[in-house]
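K.L.:
prediction below, plus the sequence it came from.
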Amino acid sequence: MGMWARLRLGWLTFWGRLANLAGYPCVVREGQYASEAQGVNVRVRASNNYTVVTVNGVDVYFYRLSGRIDGVGINPSADYTASGTAR
């Protein structure tokens, strides 16, 4: 790794630690990831009040400003079947 890359990484790490210390919320970009080999589907989307992270049809709702979890739900449009869940 070159000198400028190390300097940039150090600078970003410093500001990231400072933001965490101050309790500043994280900025998350919307996106989607799918791995057929592992059978994992991850989707991130943002609304006015929440950031929603969906992993294999399970939605986790985070408050956008605080980052705290508000709730969890099952996305009925995913490949969910009641008989496929563990008891």
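P.N.:
On my side now, so go ahead.

K.L.:
what packs against the helix or strand hosting residue 15?
P.N.:
Using DSSP states H and E, residue 15 falls within helix 3-22. For helix 3-22, not one helix or strand is in contact under the criterion 3 or more CB pairs under 8 Å, 6 or more residues apart in numbering; DSSP states H and E. Bear in mind the C-beta positions are built from the backbone N, C-alpha and C, glycine included.

K.L.:
and the contacts of that helix?
P.N.:
1, 26 (CB atoms under 8 Å, 6 or more residues apart in numbering).

K.L.:
any low-confidence regions in the chain?
P.N.:
Low-confidence segments of the chain (pLDDT under 70): 77-87.

K.L.:
tell me what the residue nearest the centre of it is bridged to.
P.N.:
The residue lying closest to the centre of the chain (CA atoms, centre = their mean) is residue 53, at 5.1 Å. Taking DSSP bridges, one finds residue 44, residue 60 as the beta-bridge partners of residue 53.

K.L.:
let me see the contact set for it.
P.N.:
Per CB under 8 Å, 6+ apart, neighbours of residue 53: 42-44, 59-60, 62.

K.L.:
secondary structure element for residue 29?
P.N.:
Applying DSSP H and E, one finds residue 29 in no helix or strand.

K.L.:
excluding sequence neighbours, find me the nearest residue to it.
P.N.:
Leaving aside its chain neighbours, residue 29 sits nearest to residue 44 (7.3 Å; criterion: CB to CB, 6 or more residues apart in numbering).

K.L.:
looking at it, the one you found is touching residue 28, isn't it?
P.N.:
Yes - using CB atoms under 8 Å, residue 44 is in contact with residue 28, at 5.9 Å.

K.L.:
if anything else comes up later, I'll come back, but that's it for now.
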